[in-house]
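# Fold the following, please.
(chains A, B, C and D)
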There are 2 protein chains.
Amino acid sequence: MATRNIKEVAQLARVSVGTVSNVLNRPEIVSPATRERVFEAIKKLGFVRNEVARHLRVGRSRTVGLVVLDVANPFFVDVAQGAESVADDHDTMVVLCNSAGDAGRERRHLDQLEQQRVMGILITPVEAETPWLEELAARGTPVVLVDSPATGLQCSVAVDDRLGGQIAGAHLIERGHRRIMFVGGPMSVKQVADRHAGVAGAVAAAGGDVELLTATAPTLTVAEGRAIGERMAELPAAERPTAAFCANDMMALGLLQAMATHGLRVPDDLAIIGYDDIDFAAAAAVPLSSVRQPRELLGRTAIDLLLEEVAEPEQHRHRQVIFQPDLVIRESSAPYRPQS
Amino acid sequence: MATRNIKEVAQLARVSVGTVSNVLNRPEIVSPATRERVFEAIKKLGFVRNEVARHLRVGRSRTVGLVVLDVANPFFVDVAQGAESVADDHDTMVVLCNSAGDAGRERRHLDQLEQQRVMGILITPVEAETPWLEELAARGTPVVLVDSPATGLQCSVAVDDRLGGQIAGAHLIERGHRRIMFVGGPMSVKQVADRHAGVAGAVAAAGGDVELLTATAPTLTVAEGRAIGERMAELPAAERPTAAFCANDMMALGLLQAMATHGLRVPDDLAIIGYDDIDFAAAAAVPLSSVRQPRELLGRTAIDLLLEEVAEPEQHRHRQVIFQPDLVIRESSAPYRPQS
DNA sequence: CGGTCGGGTTGAGACGATTCAATTAAATCT
DNA sequence: AGATTTAATTGAATCGTCTCAACCCGACCG
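The predicted structure follows:
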């Protein structure tokens, strides 16, 4: 109710509004005596600075938006924590927005963030083509693509998804699998397409005797993974793949659950390898092999790039940082032992 | 760079700023012809409304803050999604802040949110005593306590934690356990204290032959759960409890991992029951029994209360909504079969 | 024909903080 | 003492939008 403003503080402290502002922003230039009076007035009135007005005047805010594909996926939570840890040191706030893989929601979040005049936006876009983002950047809101290769007009941090798919595929082939299924989401999501391309490359490199199947779902969730698993479990053993490479760990966990409810054993009946190496992967019913990405580092680097661009917009050159994934082998991917 | 304002639009469309504002806010009162001209100008200039200025003038923002104890805990993510689903229908934005169980971080987030003049705050406080929150509310920012009983001065939604602890305890006792350990966090966190009180109540009700031990950690994370598990695994079998009730599923998963690495079997060597019933609980190495809370409902109800308070601050009476938890029994809690 | 009504439109304040040129007071120098 | 520098403080202008009283003008009424 009673939200005081700088003017009331000034009155009570018997100084001008300019002085109050100085106390707030450059306390060293005001004399200790008045500074003290002003602080007292602030405390007595319970005055809280109106950041909105400040921002309007100053022109730039201290918050950045982070738009992710799925907050329920711990991978993105870790990315967010990485970003936040850096933001903290620059007293900047990160607001986390969830597009849930829906282009409409993504759009609405971007509109809101732009209207809010955020300092910049970190985003894992729903679709590979990002004309909106380019317009947005052109209008003056810096954008950094996260976990997604840039089109060249903005900065990006990503992990080499193709390589990730490739090492996952090579691993399964080396373990003796000859019938591998890629379990993923829509190919319009760049990460999915690249991981698929990677495993396809590994399969091709292995020569003709390895077969690659593909199952996709609209979203990369546990539920979708489970659904695909159900269908897979119902196939006759001869037709069923012996290994599955999932586009992320959530789907892999879903697959695992479906296998369990159908009494199929992992890795004996089906080897599984996931992607992201979220913390829950190691705690799964069968500890999950996975392709690890440097999650926090991704977030930290993304916001570093953003802060750099904001600090010196002039001489900033857009960069594309790419990290390497690596393979974490656990029990869910084991040598193929054909049923006797 | 080139961020246009309402004035430039007005110039281009050859109308006054007032008219542009009307087109934006009450398009029905401006004639179709000028409305069209204004829209064209907006599109041509790439004008995006400055929500900051609007907010300054109008005095209230369309965003609410949600401060949670741990974003890495899927429980809170689900609460957040519940809140967001309701917020969406009121074109309101939810910004998610993570206190990570740290009172300092919580304080900083609250300060920022208040400075931002958010419409209201939903919070799961770090400590049971919340003088800051009451001052904050007194200064005019509505606060709703989430998953935490209110002190009476504000609204709250919570689940009966005492009851939850009680049914978990009763379940373990009924399954034959006579030496139970409560694994939790600091008792200053109300939820932890209540869940502990609940299980203690069940133990007391069972008569003298059931023993309750307690282990606590500074935070309710997987890592802390694992650490406690390590210590527990090293005890001689005779001293080791036969069952553990964890204050949340994260700790339970950690405990589970520790048992696995020490070659102890769940539930044979140690039965485990968690709290929250997060999705990952069902996918754990040993599917986890857990006390389920209505997560999304919690979030939805919280923001409903907030919106109600904002809509009619005058005749609003603070309410305290309490839900009932229920028990989900899986494999991790099984009848006690003493080692032969 | 004068008066009234009402749909459209206008433009001058607010909103709350920051900034900066101008002013005053005090301190230092010559 | 008078001149000059330094330190503190002031207050008006500004940021971009909304609001509202005033205004304009054509239509309608008696």
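
# now the residue nearest to the spatial centre of chain A: how far from DNA strand C?
Nearest to the mean C-alpha position of chain A, by CA atoms, centre = their mean, lies A:Phe76 at 3.8 Å. Distance, A:Phe76 to DNA strand C, using CB to the nearest atom of the strand, to the nearest Å: 34 Å. No exception for glycine: its C-beta is placed from N, CA and C like everyone else's.

# Hmm, that residue is touching A:Gly101, no?
No: with contacts counted by CB atoms under 8 Å, A:Phe76 stays clear of A:Gly101, the gap being 11.4 Å.

# Now do the shared contacts for the two.
Taking CB atoms under 8 Å, 6 or more residues apart in numbering or on different chains as the contact rule, A:Phe76 and A:Gly101 both touch A:69-70.

# that older thread, could I get the contacting residues of the residue nearest to the centre of chain A?
Contacts of A:Phe76 by CB under 8 Å, 6+ apart are A:68-70, A:124.

# ok, stretch A:60-70 near DNA strand D or not?
No: for stretch A:60-70, no contact with DNA strand D is found by CB under 7 Å from any atom of the strand; the gap never falls below 11.0 Å.

# re earlier: filter the contacts of A:Phe76 down to just the ones in strands.
Of the contacts of A:Phe76, the ones assigned to strands by DSSP state E are A:Val68.

# Let's have the contacts of A:Phe76 in TSV, adding distance to B:Ala237 and neighbour count.
Shown next, in TSV, are the contacts of A:Phe76 (distance: CB to CB, whole Å; neighbours: other CB atoms under 10 Å in any protein chain shown):
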residue	distance to B:Ala237	neighbour count
A:Val68	46	25
A:Leu69	47	27
A:Asp70	43	20
A:Thr124	48	25
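
# restrict the contacts of A:Phe76 to contacts with chain B.
Among the contacts of A:Phe76, no residue is within reach of chain B (CB under 8 Å from any CB of the partner chain).

# What count of nearby residues applies to the residue in the stretch 1-150 of chain A positioned nearest to DNA strand D?
Proximity of the stretch 1-150 of chain A to DNA strand D (CB to the nearest atom of the strand) peaks at A:Gly18, 2.5 Å away. By the measure other CB atoms under 10 Å in any protein chain shown, the count of residues near A:Gly18 is 11.

# Report the contact partners of it.
Contacts of A:Gly18 by CB under 8 Å, 6+ apart: none found.

# Can you check the pLDDT for it?
Note on A:Gly18: pLDDT of 96.

# can you tell me which helix or strand it belongs to?
Assigned by DSSP states H and E, A:Gly18 belongs to helix A:17-25.

# For the nearest residue to A:Ala137 once chain neighbours are set aside, list each beta-bridge partner.
By the measure of CB to CB, 6 or more residues apart in numbering or on different chains, the closest residue to A:Ala137 outside its immediate chain neighbours is A:Val143, 4.7 Å from it. Under DSSP bridges, the beta-bridge partners of A:Val143 are A:Ile121.

# and A:Val143, how far is that from A:Leu113?
10 Å (CB to CB, to the nearest Å).

# Spell out which residues are contacts of both of the two.
Counting by CB under 8 Å, 6+ apart, the shared contacts of A:Val143 and A:Leu113 are A:Ile121.

# re earlier: between all of the contacts of A:Phe76, which two are separated the most?
Farthest apart among the contacts of A:Phe76 by CB to CB are A:Asp70 and A:Thr124. That separation is 8.9 Å.

# A:Lys43: neighbour count?
A count of nearby residues for A:Lys43, using other CB under 10 Å, gives 10.

# how close does it get to DNA strand C?
Remark: distance between A:Lys43 and DNA strand C (CB to the nearest atom of the strand) = 15 Å.

# State the helix or strand in which that residue lies.
Going by DSSP H and E, A:Lys43 is part of helix A:32-45.

# now that helix, how far from the chain's geometric center?
Averaging C-alpha positions (CA atoms, centre = their mean, to the nearest Å) puts helix A:32-45 44 Å from its chain's average.

# which helices and strands does the helix or strand just after it pack with?
Next along the chain after helix A:32-45, taking DSSP H and E as the criterion, comes helix A:51-58. On a contact count with 3 or more CB pairs under 8 Å, 6 or more residues apart in numbering or on different chains; DSSP states H and E, helix A:51-58 meets helix B:51-58.

# So which residues make contact with the helix it packs on?
Counting by CB under 8 Å, 6+ apart, A:50, A:52-53, A:55-56, A:61, A:112, A:115-117, B:61-62, B:117 sit against helix B:51-58.

# Looking at the nearest residue to A:Ala72 once chain neighbours are set aside now. What's its pLDDT?
Excluding the flanking residues, the one nearest A:Ala72 by CB to CB, 6+ apart is B:Val77, at 5.6 Å. If you check B:Val77, the pLDDT there is 96.

# Noted, bye for now.
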